[in-house]
Each structure stands twice: as structure tokens, then as C-alpha cells.
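Participant: My questions are about this predicted structure, shown below with the sequence.
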Amino acid sequence: MEVDLKNSKSILVTGGAGFIGNNLIRFLFKNTRAKIFNLDKLGYSSSLEAIDKYLNDLKIESQNRYEFLNCNLVNDKDVDHAIKYSKPDIIFNLAAESHVDRSIDSPLNFIESNIIGTFNLLNKTLSYWKELKSYKKDSFRLIHISTDEVFGSLSNDDPRFNERTPYDPSSPYSASKASSDHLVNAWFHTYGLPVITTNCTNNYGPWQFPEKLIPLTILNALSNNSISVYGSGMNIRDWIYVEDHVDALCQIIQKASPGEKYCVGGNSERTNIEVVKHICSILDEIKPCDSPYSELIIFVKDRPGHDNRYAIDSSKIEKEIGWSPNYNFEDTLKKTVQWYIKNQKWCNKILKKSGYDKKRIGI
Ligand code: NAD
């Protein structure tokens, strides 16, 4: 059965104040008539500015289509209340602690948000779903947004990850996401909850908290700070523009059967050093300074358990859903650099609020 996303009445997005979540909410605003509920605990990486700005430009009637719910998934009573209050037809679950370095320093936050939080969401959604009228029950979906990091690390000549790749997470972050994926799977097989899981590769684009490789490199270069790269910089990631990821999620929710899993990739494998040098060359072109930005690059001691390569084989989503990435890496990287140049004020504000040391390393 196809889900009618456009005519859904209520959509609940968890983690909607984060990078991918706020891009998703703006997409849902444009492409559906639903009321959109944004559930978020407002952690260090959160910002409501993108959505607020977007809503300010809309008519008042449209602004009534949005509501923010300040809620931590770790608190099951609040989760129960948020679900009963928003009465969702669809739930997009993006709320998670998401930075590998932070998971090495403070793993407990990841266990709480990513495992207990997902458990609470599933449990309370199940109680809500069981009480729905049968036609609503049939079209209800919860889509759980996960990462390719659950599959572990590839060597340079291994075939890419796909939906049948065994889980082999290396970091507390990827282990906590792997656990949440298993819980989602169990709630489908045991209780019949109509869930779908996606595993996506590295996202980039506007409104990403500047601790990850791409925005951090841009900001360090603009501030004339050194640009730190782990190890030899030869680790490989497959990059996807955030709008392509959001588009994939919205197509999957409409067409995928409950219990299905999809790997979502950008077909853009690059070594970290290639990405960093590329950003430097874009800056040399659009914001030249006395010497090339690449002179700021330094290589630092590698992160423990640093995965060598992530890469996604997207054949299943291409074949079954008819989705493939629209955007080209070079163009959207340039667009992203331009966005960060224009929005340094937002970056400085959010970094200051979070107490973040900008010289740390991203990714
Ligand atoms: P982000 O850190 O920018 O946003 C995550 C949001 O979740 C934050 O606003 C945070 O406050 C919220 N959150 C965290 N724990 C919560 C809790 N217990 N209760 C309520 N809200 C909570 O992260 P992102 O990059 O937007 O990632 C979103 C999701 O996509 C995550 O689940 C992540 O694992 C997944 N993902 C991200 C990438 C990527 O490259 N960024 C790639 C694949 C998958």
C-alpha cells in the first residue's frame, strides 16, 4: 500500500532541530499539507533558526502548520504525551547523538539517547498505533534514520555496503545506532509495528553544526586556523547532499513496505584529504587570501578505531523506489562553502552556545 504523504494530517519529526531534521521539516512544509510537529530536546547541535526563518516568510495560516515540542526521548512519559498530543500519521525518527568523537569521550549520552530513546519511541508508538482505526493503522509508518557506520569499515577493494551486509560497528556512536536499528527490527517482527529503516552515508549542506569535517574545515580556513586532518587523510567517505537524503526519505516513506530496509548513498566516494583540499581550492577561488588555504592543513594523530572506508551500494533503492541522487558533489560543495561564508554569524553563535572548541577535528 502506498502512503499518501502529501495529504497526511500530522507528521512527527524527532530531532527536527538538528541538521538533517530541519532540512526535512522545510521539505515537508513545501511538499505536504500536514501539520508538522518537531520533537527535540534542543541539545548542543540544535538550532530552530532555519525553521523560524523559513516560517517567518510564510503566510500566518501556514505558520499554524508547525509546532515545536520540547521533549527528551529518554523521558518515556513525555514521549507518550507528545505522541498522543500530535496524533501522527507518520513519524520520522532522526533524534540521536551523532558525533563519533563525542561518543568516545561520553558514551553514556549515546546509550541513553540512541538506545533508550529509540526504545521509548517504539514502545509508546506501539501503544498509540494499536488504538488507531484500521484504515489509519494500515497507512501508519515510522521511519528510523540510521547510518552506514553500523556496518563497520571497508578496505579499499571491498564491495560497497548493501542491505545484506552484516552489522559490525566500531565506535560507541555506531554501536548505539546499530542497537537502535535492531530494536526497530524487533518491533516489526515481534509486534508488527510498521517501521522502515534507512542507513545513509555522510551528509553535508547548510545548517550542519560546525564540528563535522566539511563545515569545520570551512570555518577553520576562514578564521586562518590550522585545518586538522586525522592520520594520513586517506579514509574514504561516500558523501550525499542533505536535500538528496531528505528526498530519499520522503520517497521511501511513500513506497516502501513495512519492515523494509534501504541503504542510501551519494555515489561520491572521496578521501578526507581530497575533500579538505577541494574546500581549500573553492575558497582560493571565491575568497582568495595571501597564500593558498591548503597551507593551513596539518596531519594529526589518528582517532582510535577510525574506520577506513564507508561506501553504499544504492541499487535497491534505485530499483524499488526509483530514487537516485540528484545533486553533484562539486556543485553542492561549492554551494555549501558559500552558505557557510554567508552564515558565519550563525556558526559563531551556535558554537559559543555549545561551548565548543573550534580547533577540534570533524567527522
Ligand atoms: P544532529 O546532531 O544535527 O541533530 C540531532 C538532533 O537530535 C539534535 O537537535 C538533538 O537535540 C536531537 N536529539 C538527540 N537526542 C535526543 C533525545 N534524547 N531526545 C530528543 N531529541 C534528541 O544530527 P544529524 O546530522 O541531523 O543526524 C540526524 C540523524 O541522522 C541521526 O539519527 C544520525 O544518526 C542520522 N544520520 C546522520 C548522518 C550525517 O551525516 N549527519 C548520516 C547518516 C545518518
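Facilitator: That came through fine. Computed from a prediction, not measured in an experiment: that's the story for all the values here.

Participant: my read is residue 298 is in a strand, agree?
Facilitator: Yes - counting by DSSP: H, G, I helix; E, B strand; the rest coil, residue 298 falls inside a strand.

Participant: which residues does it contact?
Facilitator: By C-beta atoms under 8 Å, 6 or more residues apart in numbering, the residues touching residue 298 are 226, 227, 228, 229. All C-beta atoms are positioned from the backbone trio N, CA, C, and that covers glycine.

Participant: gap between it and residue 217?
Facilitator: Relative to residue 217, residue 298 is positioned 12 Å away (C-beta to C-beta, to the nearest Å).

Participant: Mutual contacts of the two, please.
Facilitator: residue 227.

Participant: Minimum distance to the ligand, which residue of this structure gives it?
Facilitator: Nearest residue of the chain to the ligand: residue 18, at 1.9 Å (C-beta to the nearest ligand atom).

Participant: contacting residues around that residue?
Facilitator: 40, 43, 45, 46, 94, 95, 98, 209.

Participant: how about the strands of the stretch 51-200 of the chain, start to end?
Facilitator: Using DSSP state E, counting those that start in this stretch, the strands of the stretch 51-200 of the chain run over 66-70, 90-93, 141-147, 195-200.

Participant: got JSON lines for the ones you listed, with distance to the ligand, mean neighbour count and mean pLDDT too?
Facilitator: Below are the strands of the stretch 51-200 of the chain laid out as JSON lines (distance: least, C-beta to the nearest ligand atom, whole Å; neighbours: other C-beta atoms under 10 Å; pLDDT from 0 to 100):
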{"stretch": "strand 66-70", "distance to the ligand": "9", "mean neighbour count": "16", "mean pLDDT": "97"}
{"stretch": "strand 90-93", "distance to the ligand": "7", "mean neighbour count": "26", "mean pLDDT": "98"}
{"stretch": "strand 141-147", "distance to the ligand": "4", "mean neighbour count": "24", "mean pLDDT": "98"}
{"stretch": "strand 195-200", "distance to the ligand": "4", "mean neighbour count": "25", "mean pLDDT": "98"}
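
Participant: correct me, but residue 87 touches residue 10?
Facilitator: Yes - the pair residue 87 / residue 10 is scored as a contact, 5.4 Å apart, by C-beta atoms under 8 Å.

Participant: Those two: which is more packed in?
Facilitator: Comparing residue 87 with residue 10 by neighbour count (other C-beta atoms under 10 Å), the higher total belongs to residue 10, at 17 against 14.

Participant: Find me the pLDDT at that one, would you?
Facilitator: Here, the pLDDT recorded for residue 10 equals 98.

Participant: Now it. Its backbone dihedrals?
Facilitator: As for residue 10, its main-chain torsions (degrees, to the nearest 10) stand at phi -140, psi 130.

Participant: Spit out the contact partners of it.
Facilitator: 34, 35, 37, 86, 87, 88, 89, 90 are the contacts of residue 10 under C-beta under 8 Å, 6+ apart.

Participant: Of those residues, keep whichever come out buried.
Facilitator: Among the contacts of residue 10, those classed as buried by neighbour count (16 or more other C-beta atoms under 10 Å) are 34, 35, 37, 86, 88, 89, 90.

Participant: And the fourth one, how far from residue 35?
Facilitator: What that stands for is residue 86. 8 Å.

Participant: The residue nearest to residue 242 when sequence neighbours are not counted: neighbour count?
Facilitator: In this structure, residue 242 finds its nearest non-sequential neighbour in residue 205, 3.5 Å apart by C-beta to C-beta, 6 or more residues apart in numbering. Residue 205: 23 surrounding residues under other C-beta under 10 Å.

Participant: For residue 205, give me the pLDDT.
Facilitator: 98.

Participant: Tell me how many other residues crowd residue 295.
Facilitator: Residues near residue 295, counting by other C-beta under 10 Å: 11.

Participant: cool, and residue 276?
Facilitator: By other C-beta under 10 Å, neighbour count at residue 276 equals 26.
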